[in-house]
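Engineer: any chance you can model this:
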Amino acid sequence: MSQSFDIAVVGATGTVGETIVQILEERDFPIADLHLLASSESVGHSVPFRGKNVRVREVDEFDFSKVQLVFFAAGPAVTLGFAAKASAAGCIVIDLSGALPSAQAPHVVPEANAPVLASLKKPVQVSSPSPSATALAVVLAPLRGLLDIEHVSVTACLAVSAQGREAVSELARQTTALLNLHPLETRFFDRQMAFNLLAQVGKPDAQGHVPLEKRLVTELREVLGMPALKISVTCIQAPVFFGDSFSVSMQLAGPVDLAGVNAALEAGDCIELVEDGDYPTAVGDAVGQDVVYVGRVRHGVDDISQLNLWLTSDNVRKGAALNAVQLAELLIKDLL
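Structural biologist: The predicted structure is shown next:
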């Protein structure tokens, strides 16, 4: 009989936490007991798993010695409050919040830097990067050995689910109000989100950068193993519930061989290259899928040393929950 594991999901009632549970079931992860944990406000809720409704319990009272692996899918404060307890109990910790320093919990995307996992010391702590960094790493990883990349410029059009369930509800409420010609009330966002684009996602620092932008730069450099790579990024808030889209422009040291780029992308793991003349969208293609879609592969208008791409990915599924589960699948191989 194959070995099964006791697993905990912290933040189980959030969008990402619920999706982790769903993917664990879809991929038939070897689970003996599944423990769903959240804050006191969510205690009593239940999440479906393998034909049953699993009740959510309070993370404050949980004994982590009952499990061997923990997903932290809540905010940074929760990870900082409980990850050390989980590690002290001998658990594998997979954090999705970005709270843990990379020296302690390296950022890993299996399609880009899976060998990092083999060097981790027990008790293992590993970070699943932000959905934006994950999507970009999946696509840029097969191009590293092909191109001499000098600079990457990214415009990330992020779904409101990047900011959680409250942001999703706010977009739905605003959309309904405007379509019914009712006065607009802003609650979560500081201005109209429906039928609009916002120039930033979160609050900028003194230099004008928001936390998601700085996190993306740091994580992408680490995952690609290119610490000196110059990356400029702008995260904008799009009026979309789920699915991120990215306009990516890379400046190379020499002319770009588009045929070679397309071949590398075709061969890349978890990449769906859309044929010339077509392009992918978040809603029409990426949402609910386990791949990153790539289209509009082209040179610059008058610069053959420039490579431009359009990417789209399900931020909750591929960008967050699936990457975390893939990490768990690789880590438990050592325990089987």
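Engineer: so where do the helices sit in the stretch 151-300 of the chain?
Structural biologist: In the stretch 151-300 of the chain, the helices defined using DSSP state H, counting those that start in this stretch lie at 165-179, 211-224, 258-267.
Engineer: the shortest one: how far from the chain's middle?
Structural biologist: Using C-alpha atoms, centre = their mean, to the nearest Å, we find the averaged C-alpha position of helix 258-267 to lie 24 Å away from the chain's own average C-alpha position.
Engineer: ok so, going back, mind checking which of the helices of the stretch 151-300 of the chain is nearest residue 322?
Structural biologist: helix 211-224 (15.5 Å; C-beta to C-beta). (Glycine included, C-beta is placed from N, CA and C.)
Engineer: which strands and helices sit next to that closest one?
Structural biologist: For helix 211-224, the packing partners by 3 or more C-beta pairs under 8 Å, 6 or more residues apart in numbering; DSSP states H and E come out as helix 110-113, helix 131-140, strand 149-158, strand 230-237.
Engineer: what do you get if the cut-off is 7 Å, keeping everything else the same?
Structural biologist: helix 110-113, helix 131-140, strand 230-237 (3 or more C-beta pairs under 7 Å, 6 or more residues apart in numbering; DSSP states H and E).
Engineer: so which elements touch the shortest one?
Structural biologist: Meaning helix 110-113. Secondary-structure packing of helix 110-113 (3+ C-beta pairs under 7 Å, 6+ apart): helix 131-140, helix 211-224, helix 323-332.
Engineer: and those as TSV, adding mean pLDDT and distance to residue 52?
Structural biologist: Below are these laid out as TSV (pLDDT from 0 to 100; distance: least, C-beta to C-beta, whole Å):
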stretch	mean pLDDT	distance to residue 52
helix 131-140	98	29
helix 211-224	97	36
helix 323-332	97	19
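Engineer: tell me the most buried of the ones you listed?
Structural biologist: Comparing the helices and strands packed on helix 110-113 by mean neighbour count (mean count of other C-beta atoms under 10 Å), helix 131-140 comes out on top with a mean of 28.
Engineer: and the angle for that helix with strand 149-158?
Structural biologist: 140 degrees (axes from the mean of the first three to the mean of the last three C-alpha atoms, to 10 degrees).
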